[in-house]
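*Asks:* Here you go, sequence then predicted model.
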Amino acid sequence: MRVLILGGSGRTGELVIDEALKRGHTVTALVRKPDSLKARAGLTIIQGTPLEKADIEKAVTATPNDLPSAIIITLNARRATDNPFSANISPPRMMADSNANAVAAMKAHGITKIVTMSAFGVADSWPNMHLLLRATIKISNMSHQWEDHAAVDGEVKQSELDYVLVRPVMLKEGERKSIDFHGNVGAKGVGLTSSITRQSVAGFLVDAAEKGNWNRSTPVITN
């Protein structure tokens, strides 16, 4: 199958591309800077931004005889540095508007599967996040990211598409490991130091695109 990825030049997005290609899929990646991705067999790179509907349309139709079967979105709002108190440098609804644009293009072309990387603590999973993590988010600029992720929830859930809003806990580097699932809101088993590797998340995002097991769900995942 062909997968369109938005956010493919990010740390998790590149792993998604690698994983999809390794499984024999073809991939279209919409990125602002084409040279941010290494050219390779099976990968079509389109220059543009998901904030522009025309750019997503260009990416969807880049291979007219092989339209995407699914869209995987690994976008994340950017801050000036990894410090949670550093300034945000993305528009307030960057992720929500990008997902809304993707949904519009999907409906126009009959694409039904969207898999979006969200985060634990978003929307109805917020009460189940550890108190210290919630406090850190509230008093830092990370709060803008969680607000944007919550807006994504609204855009995608009302789309009536086969969505999977994946809610990983703290991301870290490392090899792919087995995944533990904590329902749609992470009510049990998610502690203060719970984490998951980006490789694990990338593998699950491709799993969710391939299969219907998690359709219309918001799985919280850890290692």
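*Replies:* Nice, I can see it. Numbering: from 1, shown residues only.
*Asks:* just the strands in this protein please.
*Replies:* 2-6, 26-31, 43-47, 70-73, 113-117, 162-168, 170-172, 180-181, 195-197, 220-222 (DSSP state E).
*Asks:* I'd like to know which of those strands is closest to T81.
*Replies:* Of all the strands of the chain, it is strand 170-172 that lies closest to T81, at 16.3 Å by C-beta to C-beta. Using the backbone N, CA and C atoms, a C-beta is placed for each residue, glycine as well.
*Asks:* which helices and strands does the closest one pack with?
*Replies:* strand 195-197, helix 198-210 (3 or more C-beta pairs under 8 Å, 6 or more residues apart in numbering; DSSP states H and E).
*Asks:* again, only this time at 6 Å
*Replies:* Using 3 or more C-beta pairs under 6 Å, 6 or more residues apart in numbering; DSSP states H and E as the contact test, the elements touching strand 170-172 are strand 195-197.
*Asks:* Residues touching the strand it packs on, excluding its own?
*Replies:* With contact meaning C-beta atoms under 6 Å, 6 or more residues apart in numbering, strand 195-197 is reached by 168-170, 172, 174, 177, 221-223.
*Asks:* and if we set it to 8 Å?
*Replies:* 168-177, 179, 221-223 (C-beta atoms under 8 Å, 6 or more residues apart in numbering).
*Asks:* Please apply the same query to stretch 118-134.
*Replies:* Taking C-beta under 8 Å, 6+ apart as the rule, stretch 118-134 contacts 137, 145-146, 149-150, 152-153, 165-169, 184-187, 190-192, 218, 220.
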